[in-house]
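Peer 1: heads up, no residue letters with this:
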C-alpha cells in the first residue's frame, strides 16, 4: 500500500529505485514500474539478492516498506513473518551501514495490544500476536537507522484488504467501530514525511512515533464518505474496543512537523479515489 505511493510521490524529487516481488508482467498494467528503475522477481529473504541490489544501486537511503501485514494469511506463518518483519530490517541496516547509507524503516502501532491508547516511544511493546511481535523485533535504531511507528490508510495497488478498500466495496448499511481508535496518517502524507526526513533531517535516527489526532474507525469512515459525496448509511458498532493511538509529540518537536487534519487527508484521499475511477 505504501510502496507504490512512494514511487509516485518521490520520483519527481529523488532518483527512486524499487523492488517488486512479482515479475514485470504482474504490474505492467499500472504504468508505474520502469524496467530500468525496478528489480523484478525479488525474494528479499535471500541475502544474496539484497546484497546484489545494494551493491548495484549504491543508495544514499533505503526505505523499507516491505512487511507481512495482519490482513495477509501469511501473517500466521511465524517463520515467514520472522524473515520478513524481523530479520529483513536488521539485514538492511547492516548493508546500509556498510556503505554509509540511511535506512528509514516503517513499523506499526500494532506492536501494542491496544488496551490503553496514547502510547509513547517509552511504552513497552505488549502485543501477543505474531504480527505485532515480529514487527517489534524488526525495529532498528542504530546511528544510520530511523524507525517510524505509525499506521496508514490509503488505496492499494492490487489487493483489497485495507480499511479504505473494504469501505469502497460496501453496499447498504455499513458497520463502524466507535471504540476502535486510530491515529495514523494517509499514505500520501507518509510519503511527504519521508521526503521531509530525506531533505531536511538527514541525521535524525532512532525510534519515533508519527501520529495524527486520534479518531474512531466509525468517525473516519463517516468523514471519508462525506468527502466522497457518498450517501452512505452507518450502523454504530461498539463490539470491538481497541485503542492503539500513538503520541507523536517527540517527532513534531524534533522536526517541526505539523500533522494535517483528517479533513485534509481524507479530502486528498477522496481525490485519489476519483482519479483511479476515471477512464
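Peer 2: Received it, and whenever you're ready, just let me know what you need. Because the structure is a prediction, the values reported are computed rather than measured.
Peer 1: pull out the buried positions in the longest helix anywhere in the chain.
Peer 2: The longest helix of the chain (DSSP state H) is helix 262-277. Neighbour counts over helix 262-277 (16 or more other Cβ atoms under 10 Å) mark 262, 265-267, 269-270, 272-273 as buried. Backbone N, C-alpha and C define where each C-beta goes, glycine included.
Peer 1: and stretch 170-177, by the same measure?
Peer 2: Quick answer for stretch 170-177 (16+ other Cβ under 10 Å): 174, 176-177.
Peer 1: so where do the helices sit in the stretch 51-200 of the chain?
Peer 2: For the stretch 51-200 of the chain, the helices defined by DSSP state H, counting those that start in this stretch occupy 78-81, 88-98, 130-137, 163-169, 187-200.
Peer 1: what average pLDDT does the fourth one get?
Peer 2: Helix 163-169 carries an average pLDDT of 94.
Peer 1: now swap in the last one and tell me
Peer 2: In this model, helix 187-200 has an average pLDDT of 99.
Peer 1: which is the next helix or strand following that helix?
Peer 2: strand 206-209 (DSSP states H and E).
Peer 1: who are the packing partners of the following helix or strand past that following strand?
Peer 2: Following strand 206-209 in sequence order, the next helix or strand is strand 215-216 (DSSP H and E). Applying 3 or more Cβ pairs under 8 Å, 6 or more residues apart in numbering; DSSP states H and E, one finds that strand 215-216 contacts strand 180-182.
Peer 1: thinking again about what came up before, I'd like the average pLDDT over the longest helix of the chain.
Peer 2: For helix 262-277, the per-residue pLDDT averages 96.
Peer 1: that helix vs helix 187-200, what angle?
Peer 2: In terms of direction (axes from the mean of the first three to the mean of the last three Cα atoms, to 10 degrees), helix 262-277 departs from helix 187-200 by 110 degrees.
Peer 1: gap between helix 262-277 and the chain center?
Peer 2: On the basis of Cα atoms, centre = their mean, to the nearest Å, helix 262-277 sits 17 Å off its chain's mean C-alpha point.
Peer 1: show me what it is in contact with.
Peer 2: The contact list for helix 262-277 (Cβ atoms under 8 Å, 6 or more residues apart in numbering) reads 153-155, 164, 168, 185-186, 188-189, 212-213, 215, 220, 223-224, 227-228.
Peer 1: among these, the buried ones, what's the PyMOL command?
Peer 2: A single PyMOL command selects the buried members of the contacts of helix 262-277 (16+ other Cβ under 10 Å):
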select buried, resi 153+154+155+164+168+185+186+188+189+212+215+220+223+224+227+228
